[in-house]
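Chemist: sequence and predicted structure, then a few things I'm wondering about:
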Amino acid sequence: MRRRLLTILSAFSLVLCVAVTALWVRSYYVRDIVAIGLKGGHSYTAQSILGRLHILSTLSGKSAGGFSHTSDRLSPEAVWHGGMSSYPLAVRWRLGFVFQTYTRYHMGFEQPSGGFVTRHRLIIIPYWCPAAAFALAPAVWVVCWRRRRRQHRAGLCPRCGYDLRASKERCPECGTPVQRDGSAMTADG
């Protein structure tokens, strides 16, 4: 059961790793922007550009709600340095990542007070990080598969690693049933 669960988790993780890698490559040619607003609440914007995912949350204000997606081609000379209108004036990088909360002051003559304040959170994640995280489970699966295959070829018990060449029915160490070819049957069958 545990092996099947690891196999399913590894397959799902491999699909996610391939998808993130495809988005990573796409981000160097196309800029994708997805915006989600919760009616009367926060709004979130995710932008994929130049190998990074930028997530900008507006923590104050009243959103009209809704969902939108836009994409455009990047020019070959495209450079991102943090100079977008709703981004902070100074982006604080930490090991290639950004997690920063900041306040923006807006001048508005419609307001009786002459302006308003909004709070934002900016998170920037390089695509290599989720790609590497999603690659861990398939890597563990490959290591376990190679170990089981090596033990099977050497005539060892898959559960405890005991030498089964002289055993007829069960592993003397852990009691796992032995198949007719001399190797032990797995717990899955």
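Modeler: Structure's in. What do you need?
Chemist: can you tell me which residue is spatially central in this structure?
Modeler: By C-alpha atoms, centre = their mean, the chain has its centre lying nearest to Pro130, at 3.4 Å.
Chemist: look up the closest residue to that residue, ignoring the ones flanking it.
Modeler: Val20 (5.0 Å; C-beta to C-beta, 6 or more residues apart in numbering). C-beta coordinates here come from the backbone N, C-alpha and C atoms, glycine included.
Chemist: from Ile124, how far off is the one you found?
Modeler: 15 Å (C-beta to C-beta, to the nearest Å).
Chemist: which residues of the chain score low on pLDDT?
Modeler: The model of the chain has pLDDT under 70 over residues 61-63, 78-86, 89, 105-116, 179-189.
Chemist: who are the packing partners of the helix or strand where the residue nearest to the centre of the chain lies?
Modeler: Counting by DSSP states H and E, the element that carries Pro130 is helix 128-154. Helices and strands touching helix 128-154, by 3 or more C-beta pairs under 8 Å, 6 or more residues apart in numbering; DSSP states H and E, are helix 2-26.
Chemist: let me know the angle separating the longest strand anywhere in the chain from helix 2-26.
Modeler: Determined from DSSP state E, the single longest strand within the chain is strand 115-126. When axes from the mean of the first three to the mean of the last three C-alpha atoms, to 10 degrees is applied, the directions of strand 115-126 and helix 2-26 differ by 120 degrees.
Chemist: what comes up buried for strand 115-126?
Modeler: Residues of strand 115-126 classed as buried: 120, 122, 124, 126 (neighbour count, 16 or more other C-beta atoms under 10 Å).
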